[in-house]
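Visitor: I'd like to go over a predicted model; first the sequence, then the structure.
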Amino acid sequence: MSTFKALVVRKTETGQSVAIEQWTDADLMEGDVTVRVSHSTVNYKDGLALTGKAPVVRRWPMVPGIDAAGIVETSSHPDFRPGDAVVLNGWGTGETHLGAYAQKTRVKGDWLVPLPAGLTAAEAMAIGTAGYTAMLSVLALERHGLKPSDGPIVVTGAVGGVGSVAIALLSTAGWHVIASTGRSAEADYLKALGAAEVIDRAELSGPARPLGKERWIAGIDSVGSHTLANLLAMTRYGGAIAACGLAQGMDLPSSVAPFILRGVSLLGIDSVMCPKPRRLEAWARLARELDKRKLAALTSTISFDQLPETVAAIMAGTIRGRVVVEIG
Ligand code: NDP
């Protein structure tokens with residue numbers, strides 16, 4: 001492949017431009033492994049990068065795309081050989097390092113994990129950063145000692161990527177899942193993924209009181225702001241909320257009451273710089289535990305050329321579940 005297709009974001013006087021360009025290996029950044037990308041996905045952060053709505057891109061020009069699956073083409077890294085199937089999530093790809101919306105990427109081998117046994121490249125991207133973050137959240141709650149017999153768990157942003165995968169994982173593990181969504185028309189979708197109850201996100205999106213009625217022992221929150229404050233105020237004694245997102249806002253208008261009066265814990269989840277051993281643990285658990293039929297039900301597939309319209313949809317909050325992009 002002498003030239004390859006890349007979706008390139010360039011800085012302009014008025015903002016930024018987006019175009020599909022033909023690139024060569026010389027355009028790629030430094031790294032010890034070159035990967036022929038077969039699949040990627042669309043995360044909320046990719047939407048921010050492509051639309052410029054938040055300063056996600058910190059290197060110009062940029063190829064967005066924080067997730068890639070593909071085959072190693074060349075490698076001087078001891079862990080990878082040509083032909084190996086690999087997965088890449090985060091580490092600044094699509095932000096400070098050229099990302100996945102190109103048919104090739106060159107990265108540090110230390111950033112890659114082998115494609116987990118039992119998953120195809122397309123399935124790994126159906127999971128993507130959103131699904132891997134859902135699993136990091138589950139792992140954090142487990143490390144806190146929480147288990148399904150302790151009580152219900154709430155999942156916010158339920159129809160979104162993190163939320164959909166979290167519901168599938170938690171319900172299979174035996175949790176009573178309360179799904180919070182602004183899209184009541186998707187109640188059947190959420191119940192098919194395993195939600196036991198579906199509540200209107202409006203119940204949680206207004207200003208929180210310091211303490212509320214105890215409704216759940218645990219939660220996975222991809223929404224932040226007032227929603228996270230309400231989740232904390234409504235968590236049972238000794239419970240915990242894993243906070244991974246900011247779809248409503250980055251602020252946290254809360255009080256210390258849940259922490260000092262109910263012993264509630266707030267667990268922070270970061271996928272981007274997450275150390276490799278925990279990544280490998282998360283991917284191994286996903287390959288073993290995520291119900292493939294549920295994964296298929298929450299996934300849609302698009303072509304490379306459909307990326308711009310799909311990005312607009314994720315920013316508008318109209319995407320359901322996860323999207324796989326066929327890159328190769
Ligand atoms: P999606 O866009 O797929 O889902 C976000 C969901 O949040 C929407 O589907 C919607 O769910 C809900 N939502 C949107 N706007 C609002 C609002 N104003 N108030 C309340 N709820 C709202 O995104 P992802 O699932 O991919 O990501 C979710 C969040 O997690 C993002 O903020 C993302 O940046 C963050 N994230 C963080 C990671 C980390 O490393 N910490 C990794 C991955 C994601 P519904 O329609 O059901 O109400």
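Guide: Okay, I see it.
Visitor: residues in the protein within reach of the ligand, list them.
Guide: Counting by CB under 6 Å from any ligand atom, the chain comes close to the ligand at 43-45, 129-130, 133, 157-163, 181-183, 201, 205, 222-223, 227, 244-248, 269-272, 314, 317, 319. Placement of C-beta: from N, CA and C, glycine included.
Visitor: Which of the residues you listed fall in strands?
Guide: Secondary structure from DSSP state E places residue 181 of these in strands.
Visitor: Just the buried ones from the residues of the chain next to the ligand?
Guide: Buried by 16 or more other CB atoms under 10 Å: 43-45, 129-130, 133, 157-163, 181-183, 201, 205, 222-223, 227, 244-248, 269, 271, 314, 319, out of those.
Visitor: Could you tell me which of the residues you listed are located in helices?
Guide: Secondary structure from DSSP state H places 44, 45, 129, 130, 133, 161, 162, 163, 227, 314 of these in helices.
Visitor: residues contacting the closest residue to the fourth one other than its chain neighbours?
Guide: Read that as residue 130. In this structure, residue 130 finds its nearest non-sequential neighbour in residue 161, 3.2 Å apart by CB to CB, 6 or more residues apart in numbering. Each residue near residue 161 by CB atoms under 8 Å, 6 or more residues apart in numbering is listed here: 43, 44, 128, 130, 131, 319, 321, 322.
Visitor: hmm, which two among those are most spread apart?
Guide: The most widely separated members of those are 131 and 319, with 14.0 Å between them, by CB to CB.
Visitor: looking at it, residue 151 is touching residue 234, isn't it?
Guide: No: applying CB atoms under 8 Å as the test, residue 151 and residue 234 come out as separate, 11.7 Å apart.
Visitor: For the two, indicate the residue with more neighbours.
Guide: residue 234 (24 against 18; other CB atoms under 10 Å).
Visitor: now that one: how far from the ligand?
Guide: 16 Å (CB to the nearest ligand atom, to the nearest Å).
Visitor: repeat for residue 98
Guide: For residue 98, the distance to the ligand - CB to the nearest ligand atom - is 20 Å.
Visitor: what's the pLDDT at that residue?
Guide: Predicted confidence (pLDDT) for residue 98: 98.
Visitor: And for it, nearest residue in space, chain neighbours not counted?
Guide: In space, residue 98 is closest to residue 63, 4.5 Å off (CB to CB, 6+ apart).
Visitor: Looks like the one you found contacts residue 10 (just checking).
Guide: No: using CB under 8 Å, residue 63 makes no contact with residue 10, being 10.7 Å away.
Visitor: Looking at these two, which has the bigger crowd around it?
Guide: Here residue 63 and residue 10 are set side by side on neighbour count (other CB under 10 Å), and the busier one is residue 63, at 27 against 13.
Visitor: Tell me which residues touch the more buried one, please.
Guide: Residues near residue 63 by CB under 8 Å, 6+ apart: 6, 7, 8, 9, 94, 98, 99, 100, 101, 102, 105.
Visitor: Check those residues and tell me the two furthest apart.
Guide: 9 and 105 (14.9 Å).
Visitor: more crowded one of those two?
Guide: Neighbours per residue (other CB under 10 Å) separate residue 9 from residue 105, with residue 105 holding more: 29 against 23.
Visitor: How about the contacts made by that one?
Guide: Residue 105 sits next to 28, 34, 35, 37, 63, 68, 70, 88, 93, 98, 99 when contact means CB under 8 Å, 6+ apart.
Visitor: Check what pLDDT the nearest residue to the third one once chain neighbours are set aside gets.
Guide: The reference is to residue 35. Leaving aside its sequence neighbours, residue 35 sits nearest to residue 70 (CB to CB, 6+ apart; 4.5 Å). Reported pLDDT at residue 70 in the predicted model: 98.
Visitor: can you tell me the helix or strand for residue 70?
Guide: strand 67-75 (DSSP states H and E).
Visitor: Which helix or strand lies directly C-terminal to that strand?
Guide: Using DSSP H and E, the helix or strand that follows strand 67-75 towards the C-terminus is strand 85-89.
Visitor: In PDB, list the C-alpha atoms belonging to that next one.
Guide: What follows is strand 85-89, C-alpha atoms only, in PDB (Å, rounded to 0.1, in the frame of the first residue of the first chain):
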ATOM      1  CA  ALA A  85      -3.800  -8.800  15.500                       C
ATOM      2  CA  VAL A  86      -3.800  -5.900  17.900                       C
ATOM      3  CA  VAL A  87      -6.100  -3.300  19.600                       C
ATOM      4  CA  LEU A  88      -5.300   0.300  20.500                       C
ATOM      5  CA  ASN A  89      -7.300   2.500  22.900                       C
END
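Visitor: Let me see the contact set for the closest residue to the ligand within the stretch 151-300 of the chain.
Guide: Using CB to the nearest ligand atom, the single residue of the stretch 151-300 of the chain nearest to the ligand is residue 160, 1.9 Å away. Taking CB under 8 Å, 6+ apart, we find residue 160 in contact with 44, 130, 222, 247, 317, 319, 321.
Visitor: Fine, thanks again, bye for now.
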